[in-house]
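Asker: Sharing a model prediction with you, sequence too.
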Amino acid sequence: MKQSFFKIKENKALTSSVYKMTLEGDTDGISCGQFVNILISGLYLRRPISVCDCENGVLTLLYKVVGKGTEKMSRMSEETLDVLTGLGNGYDVSKAGDAPLLLGGGVGVPPLYMLAKKLIEEGKKVSVILGFNTKDEIFYEDEFKALGADVYVTTADGSYGIKGFVTDAMKNLEYSYTYCCGPEPMLKAVYNASETSGQYSFEERMGCGFGACMGCSCKTKYGNKRICKDGPVLEKEEIIW
């Protein structure tokens, strides 16, 4: 964990509720699947936001406005933010195999972008399934395609792409490993549908964000683990539903 100060370079809406914030600062030590914890003036607890991308001193965050903290973030422009970086146990790319499958639902999509970029740089054939409720909620489809990934989009109402859920798009795909991030019902559905091992990134309410308060503990086959420190990424073989 490292405390750094980042200058907001860009903060813009991608959909009616999802924003993209680009920050300049010290990005050393940040890896795919990790998150940062942002101090917001006037609020006691920091806000944990997953890392979408980081490169050459530029940190990209995609976040959804869901409460007081993220609403305040959406109105920021040129502030300097106090940010804790290098938080959480991220994705292990060494287990991907030749053709990994990445699945993201809603705001579970952002951390898969940096992961996809890294896997493609290593010569992997990457497929990505992005799941949303409706067409108006879709974001980052073109960005994943620009990386060179095979991209499939599902919408629950059928207004765009494949009608249904991410598991509906899995059925005819061949893959060596799965990486997943999204709401717990989606993670469980992918867990049951996948034919390979994989890594699953869990969402959980956090207090401190670095393992001290034990507020985000969960049971695994190997004992209790803290989502903020031992996770948010857990191996398929250790998960207890």
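Answerer: Sure, I can see it.

Asker: Pop the domain breakdown of this protein in here.
Answerer: Annotated domains of the chain cover 2-87, 93-238 [automatic domain parsing].

Asker: What about the residue lying closest to residue 203 once chain neighbours are set aside, how many residues nearby?
Answerer: Nearest residue to residue 203, sequence neighbours excluded (Cβ to Cβ, 6 or more residues apart in numbering): residue 183, at 6.6 Å. No exception for glycine: its C-beta is placed from N, CA and C like everyone else's. Neighbourhood size, residue 183 [other Cβ atoms under 10 Å]: 15.

Asker: Now do the phi/psi pair for the residue in the chain sticking out farthest from the centre.
Answerer: Ranked by distance from the centre of the chain (Cα atoms, centre = their mean), the top residue is residue 42, with 26.3 Å. The phi/psi pair for residue 42 (degrees, to the nearest 10) reads phi 90, psi -10.

Asker: just to revisit the earlier point, turn the domains of the chain into a markdown table, columns for mean pLDDT.
Answerer: Shown next, in a markdown table, are the domains of the chain (pLDDT from 0 to 100):
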| stretch | mean pLDDT |
| --- | --- |
| domain 2-87 | 96 |
| domain 93-238 | 92 |
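
Asker: Can you say which of those domains is packed in most?
Answerer: domain 93-238 (a mean of 19; mean count of other Cβ atoms under 10 Å).

Asker: Could you list the residues in contact with the longest helix belonging to the chain?
Answerer: Of all the segments assigned as helix in the chain under DSSP state H, the longest by residue count is helix 110-121. Contact with helix 110-121 is made by 32-33, 35, 50-54, 61-63, 91, 93, 96, 100, 102-104, 126, 128, 140, 143-144, 147-149, 179, 181, 201, as judged by Cβ atoms under 8 Å, 6 or more residues apart in numbering.

Asker: Just those residues: which are in helices?
Answerer: 143, 144, 147.

Asker: Would you mind measuring from the second one to residue 81?
Answerer: The gap separating residue 144 from residue 81 is 27 Å, by Cβ to Cβ, to the nearest Å.

Asker: ok, so of the ones in helices among the contacts of helix 110-121, who is nearest residue 132?
Answerer: Of all those, residue 132 sits closest to residue 144, with 13.3 Å by Cβ to Cβ.

Asker: residue closest to the middle of the chain?
Answerer: residue 111 (2.8 Å).

Asker: contacting residues around the nearest residue to it once chain neighbours are set aside?
Answerer: Of all residues beyond its chain neighbours, the one nearest residue 111 is residue 50 (4.4 Å), with distances taken as Cβ to Cβ, 6+ apart. By Cβ under 8 Å, 6+ apart, the residues touching residue 50 are 33, 34, 35, 61, 62, 107, 110, 111, 181, 201, 232.

Asker: who's the closest residue to residue 87 other than its chain neighbours bridged to?
Answerer: Once flanking residues are discounted, residue 87 sits nearest to residue 35: 5.3 Å by Cβ to Cβ, 6+ apart. Beta bridges link residue 35 to residue 50, residue 87 when assigned by DSSP bridges.

Asker: Same check on residue 220?
Answerer: residue 223, residue 239.

Asker: Distance-wise, check it relative to residue 168.
Answerer: 28 Å.

Asker: Likewise for residue 75?
Answerer: 37 Å.

Asker: follow-up on the earlier one: quick one: contacts for the residue farthest from the centre of the chain?
Answerer: Taking Cβ under 8 Å, 6+ apart, we find residue 42 in contact with residue 72.

Asker: start the count at 47, not 1, going forward
Answerer: From this message on, residue numbering opens at 47, which makes the last subject residue 88.

Asker: quick one on the thing from earlier: run the chain-centre distance for the longest helix of the chain.
Answerer: 10 Å (Cα atoms, centre = their mean, to the nearest Å).

Asker: now stretch 146-159
Answerer: On Cα atoms, centre = their mean, the centre of stretch 146-159 falls 6 Å from that of its chain.
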